[in-house]
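Engineer: Predicted model follows, preceded by the sequence.
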Amino acid sequence: ASVLGGIGIGAIAASAWQSIRPNAVGVLPAVALAAGCSVVLSYAGFERLTSGTQIGDWSRIAWLALVLTFPTAFFSGLLFTLLGEAFDRRRGTRILAAARLTVANTTGAMFGPLVAAFVLLPTLGMERTMMVAASLYGVIAVLAFAALAGDKSPASSWSAVMAVAWVLALAAFPRGSMIELTFTRAAQAYANHGSKIIATREGASETIFVMQQQWMGKPVYSRLVTNGFSMSGTATAALRYMKYFVYWPMILHQSPIRRVLVICYGVGATASAATDLASAEAIDVVEISRDVVAA
């Protein structure tokens, strides 16, 4: 809702802007650079504008979504409408311009998540992926500036101002805050016994770190934390619901269970419950996250 609302409001704002200033399309490079700045600002302000790691209240979830996504989505809406106007002026056919813009936008929306999830996040991690996204808006600004060269709506002087702001934003990008701030804050809930983070991973579906408590230089226990939530707790309530994934189908099954498939190994609480089935002849375990296995 935050992303779509931001794009919609931005598009309406751009439309109103064009009705007041016919040459508003000249700010295309500036809007692209502003979007790049917003990516940096939202990431830099994340720790200051949010709190905690396990959020259940809808108002806090809405606030988090607004902080992280609305500004860039708003500028994306501005970009979409202004690009449509630029296409229309170059091609002279509104229907053709709208069709080409929509196809390009939809294609990008289809492939963008795939590239982010299976290429950028596994290879670069979340923080560097955010920096790449902010940098790509600079490429968009350069292309828009080149397209407007010699056009009847030349690039606005605001482009130079935003170019300086974009360069400063990239220079001030908070490198290292993922480990130094975000992971540290998420680990606070489990650090009261002296546990410390010994390994971190950023995957396509989760952020993982391993904590370990040591005594006299040797490990006492380790803890796997995914998305800020401990997955290796030994509390009765935690073990109970994990084992229910096996016990519940065991109760409902009408005949002895011979073969068991456990999807997601984690740290093995559910898989260990499968060994309680005396009738089980084979237990297969499939972990869908390579990062969990690696951690």
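Structural biologist: That came in fine, so what should we check first?
Engineer: Residue most distant from the centroid, this structure?
Structural biologist: Farthest-out residue of the chain from its mean C-alpha position, per CA atoms, centre = their mean: S255, at 44.1 Å.
Engineer: wait, R258 sits on D284?
Structural biologist: No - applying CB atoms under 8 Å as the test, R258 and D284 come out as separate, 12.0 Å apart. Where you see a C-beta, it was placed from the backbone N, CA and C, and this is true even at glycine.
Engineer: what about the stretch 1-150 of the chain, any weak spots by pLDDT?
Structural biologist: Applying pLDDT under 70 to the stretch 1-150 of the chain flags the ranges 52-53, 91-92, 150.
Engineer: need the helices for it, in chain order.
Structural biologist: Secondary structure of the stretch 1-150 of the chain (DSSP state H, counting those that start in this stretch): helices located at 2-20, 28-44, 46-49, 58-91, 94-115, 121-148.
Engineer: Make a markdown table from those helices and add distance to V292 and mean neighbour count to it.
Structural biologist: Formatted as a markdown table, these follow (distance: least, CB to CB, whole Å; neighbours: other CB atoms under 10 Å):
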| stretch | distance to V292 | mean neighbour count |
| --- | --- | --- |
| helix 2-20 | 28 | 16 |
| helix 28-44 | 25 | 24 |
| helix 46-49 | 24 | 14 |
| helix 58-91 | 24 | 19 |
| helix 94-115 | 21 | 12 |
| helix 121-148 | 13 | 17 |
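Engineer: Of those, which is nearest L239?
Structural biologist: When those are compared by CB to CB, helix 58-91 sits nearest L239, at 28.2 Å.
Engineer: so which of the helices of the stretch 1-150 of the chain comes closest to M162?
Structural biologist: Nearest of the helices of the stretch 1-150 of the chain (CB to CB): helix 28-44, 3.9 Å.
Engineer: Of the helices of the stretch 1-150 of the chain, give the one that comes closest to S205.
Structural biologist: helix 121-148 (9.0 Å).
Engineer: quick one, helices of the stretch 151-295 of the chain?
Structural biologist: 158-171, 177, 184-187, 236-252, 269-274, 290-294.
Engineer: I'd like these laid out as a markdown table, including distance to L101, mean pLDDT and mean neighbour count.
Structural biologist: Shown next, in a markdown table, are the helices of the stretch 151-295 of the chain (distance: least, CB to CB, whole Å; pLDDT from 0 to 100; neighbours: other CB atoms under 10 Å):
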| stretch | distance to L101 | mean pLDDT | mean neighbour count |
| --- | --- | --- | --- |
| helix 158-171 | 21 | 90 | 16 |
| helix 177 | 36 | 85 | 16 |
| helix 184-187 | 40 | 86 | 18 |
| helix 236-252 | 47 | 87 | 13 |
| helix 269-274 | 48 | 90 | 19 |
| helix 290-294 | 37 | 86 | 14 |
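Engineer: mind giving me JSON lines with the ones you listed and columns for distance to L148?
Structural biologist: JSON lines is the format used below for these (distance: least, CB to CB, whole Å):
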{"stretch": "helix 158-171", "distance to L148": "9"}
{"stretch": "helix 177", "distance to L148": "36"}
{"stretch": "helix 184-187", "distance to L148": "44"}
{"stretch": "helix 236-252", "distance to L148": "58"}
{"stretch": "helix 269-274", "distance to L148": "58"}
{"stretch": "helix 290-294", "distance to L148": "44"}
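Engineer: export the helices of the stretch 1-150 of the chain to CSV and tack on distance to L277?
Structural biologist: Shown next, in CSV, are the helices of the stretch 1-150 of the chain (distance: least, CB to CB, whole Å):
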stretch, distance to L277
helix 2-20, 45
helix 28-44, 47
helix 46-49, 45
helix 58-91, 39
helix 94-115, 39
helix 121-148, 35
